[in-house]
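1. take a look and give me a structure for this.
(one chain, ligands or ions: 1)
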Amino acid sequence: MKFRRLENASLDNKTALVRVDFNVPVTEGGGIADDTRLRAAVPTIQALQEAGAKIVLLSHFGRPKGRIDPSLSLGFLTDPLAALLGSPVTFCEDLTGQAARDAVKALNSGDVLLMENTRFLPGETANDPKLSAQVATLGDVFIQDAFSAAHRAHMSSAGLADYLPAYAGLAMERELDHLSQALDHPKPPVMAVVGGAKVSTKIDLLQNLVSKLDILVIGGGMANTFLAAKGVNVGASLCEHDLADTARQIMAAASNASCEIMLPVDVVVAKEFKAYAASRVCAPQDVASDEMILDAGPETVNAIADAMDRAKTLIWNGPLGAFELEPFDTATVEAAQYAAKRTRDGKLISVAGGGDTVSALNHAGVADDFTFISTAGGAFLEWMEGKALPGVTAISN
Ligand code: AMP
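-> You can find the predicted model right below:
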């Protein structure tokens, strides 16, 4: 994939405005619940320090909607970030005024300055060119290192590139290289596992994928809609009956594109949506009117494993069942563990991402065995939909 890489940027003594994603999950007490996003920014910051740049970090945090909201200040991150970097981090509460200019002026080569939440400014999400032009005066280059914010056409994720030379940071580079390896230039056969609750949130994604894949496994609640569209009575299962036509169109498009769609051949059903509810395995045709499909059955998992034996590239988004409720996590865990094994054996390139997928793979204990797990939610899905992401366009040739 063609985009401007950090190694080609001239950085010595230059001020780099770096878009990071510090939208960290917080505890009830206001502490950091998980510092993955801070750690993800460290390689780029350290590379910039080594290259002699002055580093100005920009991030959103929560949804303050263009107003200053002290509860959404980024100030609490300076100490944990400094600890991870092993060097001091200063903070500036202002992004557009004299205080911002003074704070940037005070930087020496290698210094790190964290700016206040970009979403305190109304022009951020509006991608106001005046704001971009103003913020751009603080720096010499723009480094986009937040793939997870790249689906937003905002000042700090895209707009700055209209005023400054723009490059991918190292985390962004890793994301783009792996994602393009999985979908733009994959080793065939290519398969995807798409699960999760609803078809309605993934129509564009399914339509794009069927034109690119050899095998598409549809699982989770979504599969119920496809089964129903084929005339199967799915009982009390989660099902979007109004999307039957859409499901049929996707199946027809898949057939035209020689993409094999795999739906569950057996299912785990229960009468209650709760952990350890009494359950049984049956054929999709045998679901009773008061039963819900909560997981794929063992034959389906075997069929998915066979498909993984045939495939060389796997893209995964969404669980195969209601994985938060044991034992209805079984199909997700077993299929994920098989993908992890094929990957460890060097037989499969496996790329996963999007919200619940990361927690499902962590739950299966295989997150480290996949070739790559994207940190992004919405951006990963929009990439699977085949859409141009403004934050990627910003750094593309
Ligand atoms: P998504 O956010 O679309 O990826 O959906 C993830 C959610 O889908 C998880 O919370 C799962 O519990 C849920 N889910 C998956 N399969 C089923 C199912 N068969 N019935 C109900 N919910 C499901």
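2. can you count the residues close to the nearest residue to residue 36 once chain neighbours are set aside?
-> Residue nearest to residue 36 in three dimensions, not counting chain neighbours: residue 375, with 6.9 Å by Cβ to Cβ, 6 or more residues apart in numbering. (Each C-beta comes from the backbone N, C-alpha and C, glycine too.) The number of residues packed near residue 375 is 18, by other Cβ atoms under 10 Å.
3. per-residue pLDDT, residue 375?
-> If you check residue 375, the pLDDT there is 79.
4. ok, now which ones touch it?
-> Residues near residue 375 by Cβ atoms under 8 Å, 6 or more residues apart in numbering: 21, 36-37, 40, 147-148, 171, 175, 353, 358.
5. tell me the buried residues in the helix or strand that contains residue 331?
-> Take DSSP states H and E as the rule and residue 331 turns out to sit in helix 330-344. Of all the residues in helix 330-344, those buried under the rule 16 or more other Cβ atoms under 10 Å are 330-340, 342-343.
6. buried subset of the contacts of residue 375?
-> 21, 37, 40, 147-148, 171, 175, 353, 358.
7. so which of these sit within helices?
-> 37, 40, 171, 175, 358 (DSSP state H).
8. least confident pick among these?
-> The lowest pLDDT within these belongs to residue 358, which sits at 88.
9. any idea of the pLDDT on the residue nearest to residue 382 when sequence neighbours are not counted?
-> Leaving aside its sequence neighbours, residue 382 sits nearest to residue 151 (Cβ to Cβ, 6+ apart; 4.4 Å). Among the per-residue scores, residue 151 shows a pLDDT of 96.
10. check which helix or strand covers the residue of the chain found nearest the ligand.
-> Among all residues of the chain, residue 196 sits closest to the ligand, at 2.6 Å; criterion: Cβ to the nearest ligand atom. Counting by DSSP H and E, no helix or strand carries residue 196.
11. cool, the one 10 residues further on as well?
-> Element membership for residue 206 (DSSP H and E) is helix 203-210.
12. beyond that helix, next helix or strand please.
-> Proceeding N to C from helix 203-210, the next assigned helix or strand is strand 215-218, under DSSP H and E.
13. name the helices or strands packed onto that following strand?
-> On a contact count with 3 or more Cβ pairs under 8 Å, 6 or more residues apart in numbering; DSSP states H and E, strand 215-218 meets strand 190-194, helix 203-210, strand 260-262, helix 298-310.
14. got the angle for the first one vs helix 203-210?
-> An angle of 160 degrees separates the directions of strand 190-194 and helix 203-210 when computed by axes from the mean of the first three to the mean of the last three Cα atoms, to 10 degrees.
15. what comes up buried for stretch 86-96?
-> Applying a neighbour-count criterion of 16+ other Cβ under 10 Å, one finds 89, 91-93, 95-96 buried in stretch 86-96.
16. ok, now stretch 193-206?
-> 193-199, 202-203, 205-206.
17. max pairwise distance over those: which two?
-> 193 and 203 (17.1 Å; Cβ to Cβ).
18. my guess is the residue nearest to residue 382 meets residue 387, correct?
-> Yes - with contacts defined as Cβ atoms under 8 Å, residue 151 counts as touching residue 387 at a distance of 7.5 Å.
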